[in-house]
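Student: Take this sequence and fold it.
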Amino acid sequence: MTIDIGGSFIKATVLNQEGELLQDYQEVKTPNPATPQKVLEAIQYLVMDFQDYDKISVGFPGYIKKGIVQTALNLGTDLWNNVNLNRLLTDALNKPVRMANDADMQGLGVVSEKGLEMLITLGTGFGTALLLDGHLLPHLELAHHPIAKNKTYDDYIGDNALKKTGVKKWNKRMKEVLDILKTVFNFVQVLM
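Tutor: Next up is the predicted model:
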(Lines give C-alpha, C1' and ligand atoms only; values in the text may rest on other atoms or scores of the structure.)
Protein backbone atom coordinates (compact mmCIF):
# COMPACT_ATOMS: atom_id res chain seq x y z
CA MET A 1 0.00 0.00 0.00
CA THR A 2 1.13 3.53 -0.63
CA ILE A 3 -0.06 6.61 1.26
CA ASP A 4 0.45 10.25 0.30
CA ILE A 5 -0.06 12.63 3.21
CA GLY A 6 -0.68 16.09 1.79
CA GLY A 7 -1.51 19.50 3.10
CA SER A 8 -4.99 19.30 1.53
CA PHE A 9 -5.72 15.58 1.09
CA ILE A 10 -4.49 12.18 2.24
CA LYS A 11 -4.55 9.61 -0.58
CA ALA A 12 -3.89 5.88 -0.65
CA THR A 13 -3.98 2.86 -2.93
CA VAL A 14 -2.55 -0.63 -3.24
CA LEU A 15 0.11 -1.32 -5.86
CA ASN A 16 1.70 -4.53 -7.10
CA GLN A 17 5.48 -5.12 -7.31
CA GLU A 18 5.60 -3.38 -10.71
CA GLY A 19 3.85 -0.27 -9.34
CA GLU A 20 0.55 -0.97 -11.10
CA LEU A 21 -2.69 -0.01 -9.35
CA LEU A 22 -4.57 -2.90 -7.80
CA GLN A 23 -7.39 -0.60 -6.73
CA ASP A 24 -8.48 2.98 -7.34
CA TYR A 25 -7.00 5.76 -5.26
CA GLN A 26 -9.03 6.72 -2.23
CA GLU A 27 -8.74 10.10 -0.52
CA VAL A 28 -9.94 12.08 2.48
CA LYS A 29 -9.43 15.72 3.35
CA THR A 30 -6.45 16.36 5.60
CA PRO A 31 -7.81 17.18 9.06
CA ASN A 32 -7.61 20.75 10.30
CA PRO A 33 -5.76 21.09 12.56
CA ALA A 34 -3.63 18.27 11.21
CA THR A 35 -2.47 16.84 14.51
CA PRO A 36 -0.60 13.53 14.35
CA GLN A 37 -3.52 11.78 16.07
CA LYS A 38 -6.13 13.19 13.66
CA VAL A 39 -4.00 12.34 10.62
CA LEU A 40 -3.48 8.81 11.95
CA GLU A 41 -7.24 8.41 12.46
CA ALA A 42 -7.90 9.72 8.93
CA ILE A 43 -5.44 7.18 7.49
CA GLN A 44 -6.98 4.32 9.47
CA TYR A 45 -10.43 5.31 8.17
CA LEU A 46 -9.12 5.69 4.61
CA VAL A 47 -7.53 2.24 4.44
CA MET A 48 -9.93 0.21 6.59
CA ASP A 49 -11.19 -1.78 3.57
CA PHE A 50 -7.80 -2.21 1.89
CA GLN A 51 -6.70 -5.82 1.51
CA ASP A 52 -3.84 -7.84 0.06
CA TYR A 53 -0.87 -5.67 0.99
CA ASP A 54 2.09 -6.60 3.13
CA LYS A 55 4.02 -3.35 3.46
CA ILE A 56 3.40 0.38 3.37
CA SER A 57 5.22 3.30 1.74
CA VAL A 58 4.39 6.80 2.91
CA GLY A 59 5.11 10.16 1.30
CA PHE A 60 5.10 13.02 3.82
CA PRO A 61 5.05 16.81 3.15
CA GLY A 62 8.17 17.66 5.15
CA TYR A 63 11.56 16.41 6.15
CA ILE A 64 11.67 12.90 7.63
CA LYS A 65 14.81 11.47 9.24
CA LYS A 66 14.76 7.77 10.16
CA GLY A 67 10.95 7.83 10.38
CA ILE A 68 10.88 10.88 12.64
CA VAL A 69 9.31 14.14 11.45
CA GLN A 70 11.73 17.07 11.47
CA THR A 71 9.57 19.61 9.61
CA ALA A 72 5.97 19.73 8.45
CA LEU A 73 5.26 23.34 7.60
CA ASN A 74 2.05 22.68 5.64
CA LEU A 75 0.69 20.57 8.51
CA GLY A 76 2.12 22.57 11.42
CA THR A 77 5.69 21.77 12.42
CA ASP A 78 4.97 22.55 16.09
CA LEU A 79 2.45 19.69 16.12
CA TRP A 80 4.76 17.27 14.31
CA ASN A 81 8.29 18.07 15.50
CA ASN A 82 10.09 14.84 16.52
CA VAL A 83 6.99 12.66 16.06
CA ASN A 84 7.98 9.11 15.18
CA LEU A 85 5.39 8.73 12.44
CA ASN A 86 6.99 5.52 11.24
CA ARG A 87 6.32 3.85 14.60
CA LEU A 88 2.79 5.29 14.87
CA LEU A 89 1.81 3.95 11.46
CA THR A 90 3.52 0.58 11.96
CA ASP A 91 1.66 0.12 15.25
CA ALA A 92 -1.70 1.37 13.89
CA LEU A 93 -1.67 -0.66 10.65
CA ASN A 94 0.34 -3.65 11.88
CA LYS A 95 2.56 -3.70 8.77
CA PRO A 96 6.14 -2.54 8.11
CA VAL A 97 6.37 1.09 6.99
CA ARG A 98 8.96 3.00 4.96
CA MET A 99 8.60 6.73 4.58
CA ALA A 100 10.23 9.69 2.90
CA ASN A 101 9.47 13.20 1.85
CA ASP A 102 6.66 13.06 -0.71
CA ALA A 103 8.64 14.72 -3.51
CA ASP A 104 11.65 12.49 -2.81
CA MET A 105 9.40 9.45 -3.09
CA GLN A 106 7.94 10.64 -6.39
CA GLY A 107 11.43 11.37 -7.69
CA LEU A 108 12.49 7.80 -7.01
CA GLY A 109 9.46 6.62 -8.97
CA VAL A 110 10.21 8.55 -12.17
CA VAL A 111 13.98 8.97 -12.18
CA SER A 112 15.81 8.24 -15.46
CA GLU A 113 19.08 7.57 -13.59
CA LYS A 114 21.06 9.90 -15.89
CA GLY A 115 22.91 12.86 -14.41
CA LEU A 116 21.49 15.39 -11.99
CA GLU A 117 17.69 15.33 -12.01
CA MET A 118 15.28 17.54 -10.12
CA LEU A 119 11.67 16.59 -9.59
CA ILE A 120 9.22 19.40 -8.87
CA THR A 121 5.77 18.83 -7.42
CA LEU A 122 3.03 21.44 -7.35
CA GLY A 123 0.04 21.34 -5.04
CA THR A 124 -0.72 22.81 -1.65
CA GLY A 125 2.96 23.68 -1.65
CA PHE A 126 6.05 23.33 -3.81
CA GLY A 127 8.08 20.13 -3.48
CA THR A 128 11.48 19.22 -4.85
CA ALA A 129 13.73 16.19 -4.99
CA LEU A 130 17.29 15.99 -6.27
CA LEU A 131 18.74 12.76 -7.67
CA LEU A 132 22.16 12.02 -9.11
CA ASP A 133 22.47 9.03 -11.44
CA GLY A 134 19.36 7.53 -9.84
CA HIS A 135 20.44 8.10 -6.23
CA LEU A 136 18.44 10.37 -3.97
CA LEU A 137 20.48 13.30 -2.64
CA PRO A 138 19.88 14.86 0.79
CA HIS A 139 16.49 16.51 1.02
CA LEU A 140 16.27 20.28 0.64
CA GLU A 141 13.18 22.18 1.78
CA LEU A 142 13.40 24.66 -1.11
CA ALA A 143 9.70 25.43 -0.75
CA HIS A 144 10.46 27.45 2.35
CA HIS A 145 13.35 29.44 0.88
CA PRO A 146 12.52 33.12 0.23
CA ILE A 147 12.06 34.14 -3.38
CA ALA A 148 10.37 37.58 -3.47
CA LYS A 149 9.12 40.26 -1.08
CA ASN A 150 9.19 38.05 2.02
CA LYS A 151 7.50 35.21 0.11
CA THR A 152 8.68 31.63 0.02
CA TYR A 153 8.29 29.39 -3.02
CA ASP A 154 5.18 27.95 -1.33
CA ASP A 155 3.71 31.46 -1.02
CA TYR A 156 4.77 32.44 -4.54
CA ILE A 157 3.62 29.41 -6.57
CA GLY A 158 1.57 27.16 -4.26
CA ASP A 159 -2.17 26.54 -4.71
CA ASN A 160 -3.11 29.69 -2.81
CA ALA A 161 -0.93 31.82 -5.10
CA LEU A 162 -2.58 30.28 -8.18
CA LYS A 163 -6.05 31.04 -6.82
CA LYS A 164 -5.09 34.58 -5.80
CA THR A 165 -3.11 35.68 -8.88
CA GLY A 166 -4.80 33.73 -11.68
CA VAL A 167 -3.33 31.38 -14.26
CA LYS A 168 -1.57 33.98 -16.46
CA LYS A 169 0.41 35.62 -13.64
CA TRP A 170 1.03 32.26 -11.95
CA ASN A 171 2.46 30.81 -15.20
CA LYS A 172 4.82 33.79 -15.43
CA ARG A 173 5.93 33.11 -11.85
CA MET A 174 6.45 29.41 -12.63
CA LYS A 175 8.68 30.26 -15.59
CA GLU A 176 10.70 32.57 -13.35
CA VAL A 177 11.08 29.84 -10.70
CA LEU A 178 12.09 27.20 -13.27
CA ASP A 179 14.68 29.57 -14.75
CA ILE A 180 16.14 30.21 -11.27
CA LEU A 181 16.28 26.50 -10.44
CA LYS A 182 17.83 25.59 -13.79
CA THR A 183 20.56 28.21 -13.25
CA VAL A 184 21.25 27.09 -9.68
CA PHE A 185 21.13 23.31 -10.12
CA ASN A 186 21.84 22.65 -13.85
CA PHE A 187 19.52 19.64 -13.81
CA VAL A 188 18.46 17.42 -16.70
CA GLN A 189 15.22 18.84 -18.10
CA VAL A 190 12.45 16.37 -18.83
CA LEU A 191 8.85 17.62 -18.80
CA MET A 192 5.99 15.23 -18.12
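Student: my guess is residue 7 is in a strand, correct?
Tutor: No. Under DSSP: H, G, I helix; E, B strand; the rest coil, residue 7 falls outside any strand and is assigned coil.
Student: Mind pulling up the pLDDT for it?
Tutor: Residue 7 carries a pLDDT value of 88.
Student: Tell me who's in contact with it.
Tutor: Contact partners of residue 7, counting by CB atoms under 8 Å, 6 or more residues apart in numbering, are 30, 34, 61, 74, 75, 123, 124, 125. From N, CA and C alone the C-beta is placed, and that goes for glycine too.
Student: which pair in those residues spans the largest distance?
Tutor: Farthest pair in the contacts of residue 7 (CB to CB) is 34 and 123. Separation: 14.7 Å.
Student: Comparing the two, which shows the higher neighbour count?
Tutor: Ranked by neighbour count (other CB atoms under 10 Å), residue 34 and residue 123 place residue 34 first, with 21 against 17.
Student: so the more buried one makes contact with residue 76?
Tutor: Yes. Applying CB atoms under 8 Å as the test, residue 34 and residue 76 come out as touching, 6.1 Å apart.
Student: Next, give phi and psi for residue 118.
Tutor: With angles defined as degrees, to the nearest 10, residue 118 sits at phi -120, psi 130.
Student: Let me fix that, I meant to ask about residue 27.
Tutor: Dihedral pair for residue 27: phi -150, psi 150, per degrees, to the nearest 10.
Student: How about it: what's its closest non-neighbour residue?
Tutor: What sits nearest to residue 27 in space, not counting adjacent residues and going by CB to CB, 6 or more residues apart in numbering, is residue 11, at 4.3 Å.
Student: Go ahead and name everything in contact with whichever strand or helix holds the one you found.
Tutor: Residue 11 is located in strand 9-13, with elements delineated by DSSP states H and E. With CB under 8 Å, 6+ apart as the test, strand 9-13 has contacts from 1-4, 21-30, 39, 42-43, 46-47, 50.
Student: can we see that at 7 Å?
Tutor: The contact list for strand 9-13, computed with CB atoms under 7 Å, 6 or more residues apart in numbering, reads 1-4, 21, 23-30, 39, 42-43, 46-47.
Student: residues near residue 122, how many?
Tutor: Applying other CB under 10 Å, we find 13 residues neighbouring residue 122.
Student: That one bridge partners, please.
Tutor: Beta-bridge pairing for residue 122 (DSSP bridges): residue 126.
Student: and the residue nearest to residue 138 when sequence neighbours are not counted, how far is that from residue 101?
Tutor: Spatial nearest neighbour of residue 138, chain neighbours left out: residue 130 (8.0 Å); criterion: CB to CB, 6+ apart. As for residue 130, its distance to residue 101 is 11 Å (criterion: CB to CB, to the nearest Å).
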